[in-house]
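Novice: what follows is a predicted protein model with its sequence.
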Amino acid sequence: MNTLNKNITNEKINNDYLIKIKNVNKYFGPHKVLKNINLKIKKNEILTIIGHSGSGKSTLLRCLNLLEKPYSGEIWIKKQNILEPDTKLSELRTKVGMVFQSFNLFEEKTILENCCLAPIKILKISEEQAKKTAIEKLREVGLSHLANKNVNFLSGGQKQRVAIARALCMFPEILLLDEPTSALDPDASYEVLKILNNLAKNCDMTLIIVTHEMKFAKKVSHNICFMEKGIIIEKGPSKEVFTTNNFPKIKSFFEDL
């Protein structure tokens, strides 16, 4: 069976909210890019954020691990408001992993070194254990046989698969995926989406995904959130979003694709 054609169920969602975003605003200079964002995300939920380019999707995602800091509001992860000044970034980023559209790998290092660096430095685990975990995660993305190869010799699709494995090596509770296929050709995109689909089915973590891959979003998401001009316009269960007329703004967005 094609792994991209199997829907994700709601069985793993916990009723407790893991993330609560309250009245978040963000400016870039005079431009307000996030406008009074309110959003709740449950433990083990898979949420996909969609919208036109420039709608604030990636900025919102980057606020969740403080790569961007909001101007005002609150972002609660479990019982901690991460916008409080005493938040330790290193501790936060052990909980909240991220996969970027531009990979953000150390090009001069090997695949294995890329995957081991953060677990050794931040989680303080042994080099032996870090390597064991890295090989396991690289096997999940089909790259364990290339573990000692330098990253700069890899294709774009392979680099993104390394980025996914690297994020998983930190055992995050939350994984943010920012347009993970936007820089890839169709064949590489398919391979990455297949891995993410398997991850969505089998992982015990909350996934928040920004993507323009609507077929993928439909298959893996529990909920869909639509943003426009820095505002969350509509949000609802994936099945309803894609099969009913209850979400006119999202329907209009689909028609524009």
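Specialist: Perfect, I can see it now.

Novice: for the stretch 101-250 of the chain, just list every one of the helices.
Specialist: Secondary structure of the stretch 101-250 of the chain by DSSP state H, counting those that start in this stretch: the helices cover 111-121, 127-140, 156-168, 186-202, 214-220, 238-243, 248-256.

Novice: any chance of the ones you listed in TSV, plus mean pLDDT?
Specialist: Below are the helices of the stretch 101-250 of the chain laid out as TSV (pLDDT from 0 to 100):
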stretch	mean pLDDT
helix 111-121	97
helix 127-140	98
helix 156-168	97
helix 186-202	94
helix 214-220	95
helix 238-243	95
helix 248-256	93
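
Novice: out of those helices, which one sits most buried?
Specialist: helix 156-168 (a mean of 24; mean count of other Cβ atoms under 10 Å). Heads up, the C-betas are built off the backbone N, CA and C, glycines and all.

Novice: for it, the distance to its chain's centre please.
Specialist: 12 Å (Cα atoms, centre = their mean, to the nearest Å).

Novice: which neighbouring elements make contact with it?
Specialist: Judged by 3 or more Cβ pairs under 8 Å, 6 or more residues apart in numbering; DSSP states H and E, helix 156-168 is in contact with strand 96-99, helix 111-121, helix 127-140, helix 186-202.

Novice: list the neighbouring strands of the shortest one plus their orientation.
Specialist: Read it as strand 96-99. With DSSP bridges as the test, strand 96-99 is paired with strand 174-178 (parallel).

Novice: any regions of the chain where pLDDT drops low?
Specialist: Across the chain, the ranges flagged by pLDDT under 70 are 1-15.

Novice: how about the contacts made by P30?
Specialist: Under the criterion of Cβ atoms under 8 Å, 6 or more residues apart in numbering, P30 has no neighbours.

Novice: turn the helices and strands packed on helix 156-168 into CSV, including distance to N81.
Specialist: CSV is the format used below for the helices and strands packed on helix 156-168 (distance: least, Cβ to Cβ, whole Å):
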stretch, distance to N81
strand 96-99, 14
helix 111-121, 24
helix 127-140, 31
helix 186-202, 28
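
Novice: to E68, which of those lies closest?
Specialist: Nearest to E68 among those is strand 96-99 (11.7 Å), distances taken as Cβ to Cβ.

Novice: what residues are up against the nearest residue to G142 once chain neighbours are set aside?
Specialist: By the measure of Cβ to Cβ, 6 or more residues apart in numbering, the closest residue to G142 outside its immediate chain neighbours is R161, 6.7 Å from it. R161 sits next to 141-143, 191-192, 195 when contact means Cβ under 8 Å, 6+ apart.

Novice: quick one: which of the residues you listed is nearest H31?
Specialist: Using Cβ to Cβ, V192 is the member of the contacts of R161 that lies nearest H31, at 31.6 Å.

Novice: was I right about the closest one contacting G157?
Specialist: Yes. The criterion here is Cβ atoms under 8 Å, and V192 meets it with G157 at 6.1 Å.

Novice: anything in contact with each of these two?
Specialist: Joint contacts of V192 and G157 (Cβ under 8 Å, 6+ apart) are L184.

Novice: one step back: the helices of the stretch 101-250 of the chain: which one's closest to F103?
Specialist: Judging the helices of the stretch 101-250 of the chain by Cβ to Cβ, what sits closest to F103 is helix 156-168, at 4.4 Å.
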